[in-house]
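*Asks:* Here's a sequence, model it:
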Amino acid sequence: MQHVTFAPYSCGESSLGTLALNDRAVMAAGHEIEFVWRPDRIERRLSLDGFALESITAMGVRAATVEVRLRVTNPTAAPRAARLRLLAGEGVIHSPDRWKTPYSPRECPAISTTPWEGTPPLSALVRNERAPTPARDGLLFTSRTSRAALLQATAPAPDRIEDRFFHFDWILAAGETRELVYFIALGATAAETLDLLARWQADGRHLTAAAEADWRRELAAVFTPGNDRYSGHLPLLATTDAALRALYLNAVVTVVYFKREHPAAKFRRTYTTLMPRYWVTTSFINDWSLTALLLVLLDPACVRQMLEVWLERDVHRHFGVEYVSGESTGNWYSCNDYAMTRLITTYLRVTGDLAWLDRAVGGRTVRSHLLGLATHYRQLAGPSGLADYGDRNSLLEAVGTYEHEVASLNAANVWILREVAELLEFLGEPVAARELRSEADALVPRVQALYRPGTGYWNCRRPDGSLVPVRHVWDFIHTLHFLHHDLPAAQIDEMVAFFTRELMSPTWLAALSPLDADAGFSLRPDHQWNGSYPGWVALAIGALAKAGRRDVLARWLPGLAASARQGPFSQAHFVETYAPPLAGGARKAPTEWPYINDWTVLCAGGFFDAILLDLFGLEFGYRELSARPRLVPLDPAARLHHVSWHGQLHTVSANGAIHLEFAP
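*Replies:* Numbering: from 1, shown residues only. Prediction:
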């Protein structure tokens, strides 16, 4: 196990439980490991040195514990020696304020000279020098900067412990299977970890069953109106289309996996963005916006709370907040105006909570904040009238030429103005609404001036007025989402042709065309030529739907669904021309340099938003809930049950029919 973190406690980059069998390190054996990911567990299978190995890894239920159950089978007809060696990790830290960097805090090496008062002589303490001979049942590491502790124990007890290695000298009879259970616990004190160990032992040394039972209740609550775990719920999708189902459920379980509630947290609840390695306590505004509809339907109270937190902090100075210290994190992301507007208006459209607009947050009403977001681009506008968003660090980071005046976010400014205008008109302010719409209309030709006719892609404009072509999916998805009614049909055809020719792959997409001049700038696959961030893939589904290209969607979605077989979508997956597919889908990118993409990311919830908003064509209006579906030829009989709008529940069919289920 790597990156074991129960904030504010962390093992940092330490690896725990590294296994060797008969002096062969499993991680270096070169054999493929079959795995099954579920929310409650990870199952792995491997054949090594003539033995069959199976493991189940599960986390404790509302406890800082992890359990790995390893089964070793001798399938041969003769007894065989199975010498297991398990390397204990080291280092634990309690940190209230060191979470504002990509990496979780780490204290290394972990030392202690004496056990804390009251600690039983159950475990040995590890020092910088060679550890003393420990007791048979485990190791206890304690922090040198706090009373925090990391306990590791096994059942059965090891035959011996040497230099942080648990040794098991087994002889397995013909056909025999033997089980080893490895347990870890993190806590504020050594006594707390020992109490967790005692509870684990009293429960039969089996976290797996408890984790499964709790996750079954959790997922049932997600789809149950009036449940006791969320302030809202999600619609239940009925479909015969396997791709739709896989994308929908994968999006749901990914977002649920990021729910965080901790007694030490500054916010009662939040949803973080990345795990398990980078920024693990941070909620990014951008990623929240990319799964805005899912979050608002599932947990509107949490969305409102976090929006108020961000509005208090000035969203032009950070990209999010982290929940341990409660402080703002990172630099300004240029998409924040759009991201916050989408979150705010999605909340208003779904809940009907218009009274919230008058709430004072950070010395201004929410309504005033919203108007400020809509017009902030004016402060960034140059001679062209378009906003200049600065260098790559406020934009896509990994694309060196994508900077300054970009089509994507300037198209988003058109949408923001129109979106706020629609709200103002509903509130009875037609004059203010007309002014914003007129301003939006004036921006459209200025954005269009960045297009390269005949190519399907767009330019960026530098401060000196020069135009730099950048073949990036960001412009494709944003201009089609926000300007599809403004663009000529021939231009839309050119853009779709570019997308299918240079960006789309059978199971994923390339964020940047490999033909782009900047393709060698970075190997980060979330924004470069060798892969893509899942948020862009989900938005591409919507862009194709708005372009009327259901034929492209019908042949693309099954491949995207195959990429969901590896568990929640990664921060990036590789295109097949860069890395071979895994289980028929685009392979997850690793966390190590030069790729540095985490194992999963919140924005994968965007597939949920795409299915509801772009395929079912749902529009959560201020006056009514309506639908303009685009599901043919995917599943013309699909339905959504328990769709919440203004406190009412509806069933939505693929033909656009909406039936009221419940009205308060």
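
*Asks:* gap between the two ends of stretch 54-63?
*Replies:* 25 Å (CA to CA, to the nearest Å).

*Asks:* Run through who's touching it.
*Replies:* When contacts are defined by CB atoms under 8 Å, 6 or more residues apart in numbering, stretch 54-63 is touched by residues 1, 40-46, 65-71, 73, 185, 196, 199-200, 207-208, 210-212, 214. No exception for glycine: its C-beta is placed from N, CA and C like everyone else's.

*Asks:* could you redo the last one with a cut-off of 6 Å?
*Replies:* 41-45, 66-71, 207-208, 210-211, 214 (CB atoms under 6 Å, 6 or more residues apart in numbering).

*Asks:* Closest one of those to residue 140?
*Replies:* Nearest to residue 140 among the contacts of stretch 54-63 is residue 66, at 15.6 Å by CB to CB.

*Asks:* List the residues that contact that closest one.
*Replies:* Neighbours of residue 66 in contact, by CB under 6 Å, 6+ apart: 59, 184.

*Asks:* Repeat that for residue 497.
*Replies:* residue 456.

*Asks:* same deal with residue 207?
*Replies:* Residue 207 touches 58, 60, 67, counting by CB under 6 Å, 6+ apart.

*Asks:* Over to residue 81?
*Replies:* Each residue near residue 81 by CB under 6 Å, 6+ apart is listed here: residue 171.

*Asks:* ok so it is a helix residue?
*Replies:* No: counting by DSSP: H, G, I helix; E, B strand; the rest coil, residue 81 is not found in a helix; it is strand.

*Asks:* what's the pLDDT at it?
*Replies:* Residue 81 carries a pLDDT score of 97 in this model.

*Asks:* Mark which of the contacts of stretch 54-63 are buried, thanks.
*Replies:* The neighbour count (16 or more other CB atoms under 10 Å) marks 41-44, 66-70, 207-208, 210-211, 214 as buried among the contacts of stretch 54-63.

*Asks:* and the gap between residue 572 and residue 476?
*Replies:* 17 Å (CB to CB, to the nearest Å).

*Asks:* helix or strand for residue 140, which one?
*Replies:* For residue 140, the element it lies in under DSSP states H and E is strand 138-142.

*Asks:* hang on, I meant residue 42
*Replies:* strand 41-48.

*Asks:* Can you name the residues that contact residue 410?
*Replies:* 386-387, 447.

*Asks:* and what of residue 638?
*Replies:* 239, 631, 654.

*Asks:* Now do the SS call for residue 610.
*Replies:* Under three-state DSSP, residue 610 falls in the helix class.

*Asks:* What is the burial count for it?
*Replies:* Using other CB atoms under 10 Å, residue 610 has 25 other residues around it.

*Asks:* Go ahead and confirm it touches residue 539.
*Replies:* No: using CB atoms under 6 Å, residue 610 is not in contact with residue 539; the gap is 7.2 Å.

*Asks:* Quick check: phi and psi at residue 70.
*Replies:* When quoted as degrees, to the nearest 10, the phi and psi of residue 70 stand at phi -110, psi 130.

*Asks:* ok, now the one 5 residues further on?
*Replies:* Note on residue 75: backbone dihedrals following degrees, to the nearest 10 are phi -80, psi 0.

*Asks:* Report the separation between it and residue 652.
*Replies:* Per CB to CB, residue 75 is found 52 Å from residue 652.

*Asks:* Name the SS class of the residue of the chain positioned farthest from its centre, please.
*Replies:* Within the chain, residue 78 marks the point farthest from the mean C-alpha position, 47.9 Å out by CA atoms, centre = their mean. At residue 78, secondary structure determined by three-state DSSP is coil.

*Asks:* Quick check: it vs residue 171, distance?
*Replies:* According to CB to CB, residue 78 stands 11 Å off from residue 171.

*Asks:* and if you look at residue 216?
*Replies:* Noted for residue 216: a distance of 39 Å to residue 171, by CB to CB.

*Asks:* Ok, residue 205 next?
*Replies:* Applying CB to CB to residue 205 and residue 171 gives a distance of 23 Å.

*Asks:* Settle it for me: which of the two has more neighbours?
*Replies:* Shown here are residue 205 and residue 171; by other CB under 10 Å, residue 205 has more neighbours (18 against 12).

*Asks:* so the more buried one touches residue 182, yeah?
*Replies:* No: using CB under 6 Å, residue 205 is not in contact with residue 182, being 10.4 Å away.

*Asks:* Give me the below-cutoff pLDDT ranges for the stretch 201-350 of the chain.
*Replies:* Counting by pLDDT under 70, the stretch 201-350 of the chain contains no low-confidence segment.

*Asks:* just the strands in it please.
*Replies:* Taking DSSP state E, counting those that start in this stretch as the criterion, the stretch 201-350 of the chain contains strands spanning 236-238, 259-260, 270-271, 274-275, 282-284, 320-322, 328-329.

*Asks:* who touches the fourth one?
*Replies:* By CB under 6 Å, 6+ apart, the list of residues contacting strand 274-275 from outside reads 598, 600-601.

*Asks:* As a markdown table, the residues you listed with pLDDT, distance to residue 618 and secondary structure would be great.
*Replies:* Shown next, in a markdown table, are the contacts of strand 274-275 (pLDDT from 0 to 100; distance: CB to CB, whole Å; DSSP: H, G, I helix; E, B strand; the rest coil):
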| residue | pLDDT | distance to residue 618 | secondary structure |
| --- | --- | --- | --- |
| 598 | 96 | 30 | coil |
| 600 | 97 | 26 | strand |
| 601 | 98 | 24 | strand |
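
*Asks:* now those residues in TSV, with distance to residue 303 and neighbour count?
*Replies:* Converted to TSV, those look like this (distance: CB to CB, whole Å; neighbours: other CB atoms under 10 Å):
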residue	distance to residue 303	neighbour count
598	23	23
600	20	23
601	18	29
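
*Asks:* who are the neighbours in contact with residue 76?
*Replies:* Shown in contact with residue 76 (CB under 6 Å, 6+ apart): no residues.

*Asks:* Also residue 443?
*Replies:* residue 414.

*Asks:* per-residue confidence at it?
*Replies:* Model confidence at residue 443, given as pLDDT, is 98.

*Asks:* I'd like the distance between it and residue 429.
*Replies:* Taking CB to CB as the measure, residue 443 and residue 429 are separated by 21 Å.

*Asks:* Strands of the stretch 351-500 of the chain, start to end?
*Replies:* Under DSSP E, counting those that start in this stretch, the stretch 351-500 of the chain gives strands at 360-361, 364-365, 458-461, 467-470.

*Asks:* now, of those strands, which is deepest in the fold?
*Replies:* strand 458-461 (a mean of 23; mean count of other CB atoms under 10 Å).

*Asks:* can you pull out the helices in the stretch 201-350 of the chain?
*Replies:* Remark: helices assigned in the stretch 201-350 of the chain by DSSP state H, counting those that start in this stretch are 207-222, 242-257, 285-290, 292-298, 300-313, 336-351.

*Asks:* Can I get these in TSV including distance to residue 423?
*Replies:* Below are the helices of the stretch 201-350 of the chain laid out as TSV (distance: least, CB to CB, whole Å):
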stretch	distance to residue 423
helix 207-222	29
helix 242-257	26
helix 285-290	17
helix 292-298	15
helix 300-313	15
helix 336-351	7
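
*Asks:* Fine by me, thanks again.
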